[in-house]
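1. Quick check, what structure comes out for this input:
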Amino acid sequence: MRRQEKEIRDSNVISEILEKSMVCRLGLVDNDEAYIVPVNYAYDGGRIYIHSAPEGRKIRLIKKNNAVSFEAELPFEIIRGESACQWSAKYRSVTGRGVVTIEDDPESKKHGMDLIMKKYGAGTGLLYDEESLSRLVILKLEIISVTGKQSGEWQ
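-> Numbers count the residues shown, from 1 in each chain. Below is the predicted model of the structure:
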């Protein structure tokens, strides 16, 4: 990282960003073209769980090459200055890379969905009917590396 003073070295802060961010952007490669897709997700100890339809561009690309990049951030704030060059931003973000597996068995789907639903505010003891589960897969992203970056004053 070029600006070493902005690097987040505390793994707890990186985990907090991954836990609290509302959207993760998944980066894939389609031949010689970058493809980025925003997804709802849950973070659980070195893994990111994403629900998905079992077909489509994202799934096709993962089947061809399951090495991915990802990005997530917390809400940011623009810091106004007296002149244009004095403006700044307060932010925290993470980027990383990993490997995705497509989970299609019912127990893996329920586990992933439980994590995702809990993240976005659902309670416990969720019920899933087999028909609904059959229409989705869970993408399990095993994080290989992650870096964090921040600017501004953070407690």
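2. CA only for contacts and neighbour counts going forward, please
-> Will do.
3. list the contacts for Ile17?
-> Listed by Cα atoms under 8 Å, 6 or more residues apart in numbering, the contact partners of Ile17 are Ala72, Glu73, Leu74, Arg92, Ser93, Val94.
4. Can I get the lengthiest helix in the chain in CSV? Just the C-alpha atoms.
-> Selection of the longest helix in the chain by residue count, based on DSSP state H, yields helix 106-119. Provided in CSV are the C-alpha atoms of helix 106-119 (Å, rounded to 0.1, in the frame of the first residue of the first chain):
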residue,chain,number,x,y,z
PRO,A,106,-29.7,-28.0,1.8
GLU,A,107,-27.7,-27.8,5.0
SER,A,108,-25.1,-25.5,3.5
LYS,A,109,-27.8,-23.4,2.0
LYS,A,110,-29.6,-23.1,5.4
HIS,A,111,-26.4,-22.3,7.2
GLY,A,112,-25.5,-19.5,4.7
MET,A,113,-29.0,-18.1,4.6
ASP,A,114,-29.2,-18.1,8.5
LEU,A,115,-26.0,-16.0,8.6
ILE,A,116,-27.2,-13.6,5.9
MET,A,117,-30.7,-13.2,7.3
LYS,A,118,-29.3,-12.6,10.8
LYS,A,119,-27.0,-9.9,9.4
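5. Can you work out which other helices and strands pack against the helix or strand bottoming out on mean pLDDT in the chain?
-> Ranked by mean pLDDT, DSSP states H and E, the helix or strand of the chain with the weakest confidence is strand 77-79, at a mean of 83. For strand 77-79, the packing partners by 3 or more Cα pairs under 8 Å, 6 or more residues apart in numbering; DSSP states H and E come out as strand 88-103.
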